[in-house]
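In: Generate a structure from the sequence data that follows.
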Amino acid sequence: MKDDLIFNLYLIARRFGKMLKQAFVKAGYHYLPEHFTLLIMIHQNQKIKHTEISVNTYKSKATITRIIDKLVEDGLIEKRPDPKDRRSCFLHLTDKGKKLYAILIGIYLQEEKRILQGVSQEAYDQCIRNVFFTIRRNMNC
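Out: Model prediction:
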């Protein structure tokens, strides 16, 4: 398994999540990568719904609800009613959420830069374009 691409991607993703959590805590922010993932998704799409996040993160609706509730409780996101469907709402970053997002994305980019040391831009681009995008397409994600 040491040379298996998918297994190694899994290990890298797990390890990076742990490293990211440690970096957040070291900087004084006690949020998990799962919280950060939602902040990213909401930042990128201010008209996103709970169900879209569940589908795009491959997490259960119950898990996403728990994370959303924590972010709402902390004043980082807010729910705004969908004028076309009273049963659902859009998620939006609050000003506090935008500030935290800016800080956490900075920490994320520092960690990414650190683990990519020694990887040329050409190798990185080729790997992303030729391998990872193809894998994601094959997996419908």
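In: which secondary structure element contains the residue nearest to the spatial centre of the chain?
Out: In the chain, the centroid-proximal residue (CA atoms, centre = their mean) is Thr37; its distance is 2.2 Å. Per DSSP states H and E, Thr37 falls inside helix 33-44.
In: That helix - contacts with which helices or strands?
Out: Helices and strands touching helix 33-44, by 3 or more CB pairs under 8 Å, 6 or more residues apart in numbering; DSSP states H and E, are helix 5-26, helix 50-57, helix 61-73, strand 77-82, strand 85-93, helix 95-115. To be clear about C-beta, it is placed using only N, CA and C from the backbone, and glycine gets the same treatment.
In: run the last query once more with 6 Å
Out: Judged by 3 or more CB pairs under 6 Å, 6 or more residues apart in numbering; DSSP states H and E, the packing partners of helix 33-44 are helix 5-26, strand 85-93, helix 95-115.
In: Mean pLDDT lowest where, among these?
Out: Per-stretch mean pLDDT for these is lowest at strand 85-93 (a mean of 90).
In: Packing partners of it?
Out: On a contact count with 3+ CB pairs under 6 Å, 6+ apart, strand 85-93 meets helix 33-44, strand 77-82.
In: What residues sit buried inside the last one?
Out: I take that to be strand 77-82. Ile77, Glu78 (16 or more other CB atoms under 10 Å).
In: what's in contact with that strand?
Out: The contact list for strand 77-82 (CB atoms under 6 Å, 6 or more residues apart in numbering) reads Ile42, Leu71, Ser88, Cys89, Phe90, Leu91, His92, Leu93, Thr94, Gly97.
In: any idea how far Lys59 is from the closest residue to the third one other than its chain neighbours?
Out: Counting by CB to CB, 6 or more residues apart in numbering, Asp82 is the residue found nearest to Ser88 once chain neighbours are left out, at 4.8 Å. With distances taken as CB to CB, to the nearest Å, Asp82 is found 21 Å from Lys59.
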